[in-house]
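Q: Pasted the sequence and its predicted model underneath.
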4 protein chains.
Amino acid sequence: MINFALLGAGRIGSIHGANVARHPEANLVGLYDPFQDNADRLSAELGCKQMTLDEIFSSDEIDAILICSATDTHADFIERAVANNKHVFCEKPIDLSLQRVRDCCVSVAATDCKALVAFNRRFDPNFQLLQQQCTQGVIGDIEMVNIISKDPSPPPIEYIKTSGGLFRDMTIHDFDVARFMLGEEIVNVSAHASCLVDSDIAKAGDVDTAMITLKTASGKLAQITNSRRASYGYDQRVEVHGSKGMLETRNINESSVTAHTATGVNGPKPLHFFLERYEAAYQSEIDTFIRSLKGETVSFPTMNDGLQALLIADAALLSYQQGRTVKVSEIT
Amino acid sequence: MINFALLGAGRIGSIHGANVARHPEANLVGLYDPFQDNADRLSAELGCKQMTLDEIFSSDEIDAILICSATDTHADFIERAVANNKHVFCEKPIDLSLQRVRDCCVSVAATDCKALVAFNRRFDPNFQLLQQQCTQGVIGDIEMVNIISKDPSPPPIEYIKTSGGLFRDMTIHDFDVARFMLGEEIVNVSAHASCLVDSDIAKAGDVDTAMITLKTASGKLAQITNSRRASYGYDQRVEVHGSKGMLETRNINESSVTAHTATGVNGPKPLHFFLERYEAAYQSEIDTFIRSLKGETVSFPTMNDGLQALLIADAALLSYQQGRTVKVSEIT
Amino acid sequence: MINFALLGAGRIGSIHGANVARHPEANLVGLYDPFQDNADRLSAELGCKQMTLDEIFSSDEIDAILICSATDTHADFIERAVANNKHVFCEKPIDLSLQRVRDCCVSVAATDCKALVAFNRRFDPNFQLLQQQCTQGVIGDIEMVNIISKDPSPPPIEYIKTSGGLFRDMTIHDFDVARFMLGEEIVNVSAHASCLVDSDIAKAGDVDTAMITLKTASGKLAQITNSRRASYGYDQRVEVHGSKGMLETRNINESSVTAHTATGVNGPKPLHFFLERYEAAYQSEIDTFIRSLKGETVSFPTMNDGLQALLIADAALLSYQQGRTVKVSEIT
Amino acid sequence: MINFALLGAGRIGSIHGANVARHPEANLVGLYDPFQDNADRLSAELGCKQMTLDEIFSSDEIDAILICSATDTHADFIERAVANNKHVFCEKPIDLSLQRVRDCCVSVAATDCKALVAFNRRFDPNFQLLQQQCTQGVIGDIEMVNIISKDPSPPPIEYIKTSGGLFRDMTIHDFDVARFMLGEEIVNVSAHASCLVDSDIAKAGDVDTAMITLKTASGKLAQITNSRRASYGYDQRVEVHGSKGMLETRNINESSVTAHTATGVNGPKPLHFFLERYEAAYQSEIDTFIRSLKGETVSFPTMNDGLQALLIADAALLSYQQGRTVKVSEIT
């Protein structure tokens, strides 16, 4: 059995905590959250104890730390975890500062600890199957990737003000999916964006609608379509075009019931948001991490994947600001 | 909390037992299976004790019994349960003897015990949504129901010899779905069948391919298509035709990944069999039963639903044997 | 060039006449219709002359006759055509009297004339492709056929009074499709029907909603679902189930535009009725007949196909009236 | 009746010529092609006479000219046609030189002649319906457009050498579709491209794989995905995202037959190339032009639409060459 402690008992911490708690080969030993209400609620719900940070990091019982706390605590917690010989499962982003992320990568690399950066979409069964079929050559050489990624509605404006902006907060997932599908590093980034959904987002200095193009050294291309709004639900689709064909995964719908009436053929909407859409992905993500800790050879997104996605996000922001294609190597 | 005991630790008992065990408002107190290996395996897996039948039926701790044992024990266990003031969740069929089923109905009705007959498809989220839309009038008055129900491959020949035959073992689910969707009792049954899949099934006196037509008093019609074989997976589709339109639910597929290549557009197959296809239905079935025991007003298939489906199955067999339409009222 | 004359300038005559007129290897020489308005309109539209029946049948110029006149004239015109050594393209049904149909079959067989009975659905590109894939073994041995066939709305009650009833007027197409797909003669028929759409149809002695089951000598089964009403458009679907899989063809829709909004995913309706749905089939039907007359080896529905479909229709009516399965061999 | 003459009897000239010839309100009087074989073949096939250029432009009988000749003759023929008071239906592009296109626009505007630039996709029933639904507000304000446009295989290398390059030859259609759907002029263009399909194309100085982003003054965005290769057929899809939803049109397939077997669910491929895919569009294009000449108020792509698409294409090329976002207003 692998023993976990959880840092952060908010929305995403509750999901990861519950998935650990019900996993047959793991225990959730304890949790910490600076908001006592969160800590009380989730520890009761999952039947684990509350612990201080010092207790968690110094405990001989704890094998691995789930970092689901505020973004600005991630880097410190990662470093403290690996310094205490504990494996790390960390929510993205590692940090909004590139230098801080690089330092963390070094800190982790200096130990034998494993660190998974939680790009949940890599664990979505459909995205995963699509990527496997790419590597199996179903469509020959990969040439282009198209990603549609729209949220049902914008987050609170307070969140937007501290999130690092659309590219670093939302598109970062798509940058990781593009790298996952392309199988090659991004070298050029060209981002185009507008504020069409909510003018308060513009006032906060951000955009809510974006189209980004990525290019690899060998000339493969990827396009990302982003919006903070999709009235019909969470729009999450991927297409990969290759020399011998195209693979696509469409949305997962709320049901399979279709009504044929005088007004048309009316089918179900996509699942509403990420909790429903990626429920299986969250389970698989925890399971993969546990299997890795038990010695299985499995693949998961690493600290370097977290770094690369942030580099691309920073390049996208610069591209948007300067109206030109930015090389990822320009970002320092 | 509702305390359950489980009778029968085979395939379906394992599913229901696990769903009870992980339900936040229920406990699985103990289980019994005459095959000691089954009992050992499942009690360890679910962390519950092994009990004798006498212990189970006499225990003050047990509120409800899950009957997942061999078909020929169902009726006895139902009667013993309600005689001991315990609620009953019973796998179908109640019994292969109509008289025995009728006796059981009387026994249960004489108590305040609740009895759910486990027609799992009524709890499938898609079938349920379709039926709700029917009752909401989305397609006006119901006129016709089409049910496609094919298993991926035949069960072992030993099972077929004791199952009561295709109509009582397999089609019985479809008879219940037809009643669920039509919202009216069946009065006429016309069954047509062949043995096209495996000649050993014919030697065992059964058929493996069937088309059955049902009719209600008001003239509504239903058609059922059955086969013991579907090379592409578990085929489970329903269409309901009404005065203002048609509702359909298609199969649930293994993924949403589609490959477009020179050989065509190749999509995923349906989920392979009932454990995968009706996973959510099994969870909802247990949950609905628990909510009922806690006093919520919920709807579920009853002893009478079990009786009606068996009457239709017997009428279908007679219709097939005599080459004529049989009135359900002829079956005694 | 093949020279045609057209008998009957109504709705279906206009379609066949126009398809002949624009065919590069055929001429429409003349036409006859007892309703002068029809004759005037269509001869002007298609640029052909009006001829009397005597002129048509005695003309050396005419190679083939398109019989699109009233049903009760078909048999006479067929016999007169072949007596004058002219090939025949005849709308279904040949006649409502079995004896008359049998006589016609003999008359045609006694000559070298070719006679196509216009079961248009055999020429639908999708039905045809499906049937070809069956014969190519894509799904192994054929076991079951499911046909959904619903009209958007009932014909005028006057038409129903003289049409010969649902089975002989509407289902006859589906009987032919079933034979086409099964590749084997029907031996047993079981029909179930109601009047749910319009009570005037019941008063006229007919039904408007039906489910029919067919069986072949080797035990293959077919089910047909019929209604005179489909609020969402012309519902024309076929599934064929075989030992190695299932082939289906779904409806052809008005467009490929789908709207994803807060109210759901709203796609196009099926094409509204047979003129749109089978437009390509009508063209292919004429083209196939012309290619046959030019000596190509092509397959098309014959006088015997017309006879078999009528036998099944008569068996269906008897089955419905007597509440039993009827052998086609009982029909005389 | 509108009398047409056709210039150019090649592939596209044959299509437009045939559509005029069979139109009930038009005549194809004559045609000209410098390749005598082409002229002989098509004049025989369509039953029209051969004429010299002088005869065509000086004829009082001719109302309108179909310009389907080599690209470098378009501008001269347009000017000569309107100078002789004849309406113009001209294949795209007007010319590869911006200045020449601008001159032509002036020449046409100085007359009362109508000039349609043949962006056939605007007449595709699905694209047209999608655009109508946009203007009807089905999805609120338009925010983003996604266009996938892939040819089944590259054209001959000789064609590529003179076509003006991918952006001016192939993407120009997508630029026009983007303008059609966005309902607003493009101001910024950012193009990214590679040569992944055939290295001979790179040697010829062109690219074969491209992703282009367009932006309007109000911040609407469009993305185009292009490839000269799609092993599965002609990939032609459009999505429009708005404030209240998303409209999409998927590919038109070769059939509606789907095979469900042990290897998966195998559906038909998209129609293979533009002749099949846009057959209805070509008919509608000619019909719309004829209706316009008869005085109906209809909408079609004009000389200015031809000019705007070329401006965007030139901006795309510059953007690709310089690695920056180019303003359309920079192009002179």
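A: Cool, got the structure.
Q: For the helix or strand encompassing A:Ala81, list every residue counted as buried.
A: Taking DSSP states H and E as the definition, A:Ala81 sits inside helix A:74-83. Across helix A:74-83, burial judged by 16 or more other CB atoms under 10 Å in any protein chain shown covers A:74-75, A:77-82. C-beta: built from backbone N, CA, C; applies to glycine.
Q: now, the most widely separated pair of the residues you listed?
A: Largest separation among those by CB to CB: A:His74 and A:Val82, giving 12.7 Å.
Q: As a check, name the ranges of all helices in the stretch 201-332 of chain A.
A: Assigned by DSSP state H, counting those that start in this stretch, the stretch 201-332 of chain A shows helices spanning A:274-277, A:279-293, A:303-322.
Q: which parts of the shortest one are buried?
A: Of the residues in helix A:274-277, those scored as buried under the neighbour-count criterion (16+ other CB under 10 Å) are A:274, A:277.
Q: Just the CA coordinates for it, please, in CSV.
A: In CSV, the C-alpha atoms belonging to helix A:274-277 read as follows (Å, rounded to 0.1, in the frame of the first residue of the first chain):
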residue,chain,number,x,y,z
PHE,A,274,-14.3,19.0,-16.6
LEU,A,275,-15.4,17.2,-13.4
GLU,A,276,-17.8,15.1,-15.5
ARG,A,277,-15.8,15.0,-18.7
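Q: Show residues contacting that helix.
A: A:11, A:15, A:120, A:234, A:236, A:252, A:270-271 (CB atoms under 8 Å, 6 or more residues apart in numbering or on different chains).
Q: looking only at pLDDT, what's the mean for it?
A: For helix A:274-277, the mean pLDDT works out to 93.
Q: starting at the chain centroid, how far to it?
A: From the chain centre to the centre of helix A:274-277 is a distance of 13 Å (CA atoms, centre = their mean, to the nearest Å).
Q: Does anything pack onto the helix holding A:Ala81? Which helices or strands?
A: helix A:53-58, strand A:64-67, strand A:87-90, helix A:98-109 (3 or more CB pairs under 8 Å, 6 or more residues apart in numbering or on different chains; DSSP states H and E).
Q: Any residues of chain A in contact with chain B? List them.
A: Within reach of chain B by CB under 8 Å from any CB of the partner chain, chain A has these residues: A:22, A:125-126, A:129-130, A:133, A:138-139, A:244-252, A:255-262.
Q: what about A:Leu46, how many residues close to it?
A: 18 (other CB atoms under 10 Å in any protein chain shown).
Q: Just want to check the distance between A:Leu129 and chain D.
A: 12 Å (CB to the nearest CB, to the nearest Å).
Q: Let's see the distance spanning stretch A:145-162 from one end to the other.
A: 30 Å (CA to CA, to the nearest Å).
Q: that older thread, out of the contacts of helix A:274-277, which is nearest to A:Ile331?
A: Nearest to A:Ile331 among the contacts of helix A:274-277, with distances taken as CB to CB, is A:Asn120, at 24.6 Å.
Q: in terms of contact, does the closest one touch A:Glu285 like I think?
A: Yes - counting by CB atoms under 8 Å, A:Asn120 touches A:Glu285, with 5.6 Å between them.
Q: got the contact list for the most centrally placed residue in chain A?
A: For chain A, the residue sitting closest to the mean C-alpha position, by CA atoms, centre = their mean, is A:Phe119 at 2.9 Å. The contact partners of A:Phe119, taken as CB under 8 Å, 6+ apart, are A:92, A:173, A:176-177, A:301, A:305-306, A:309.
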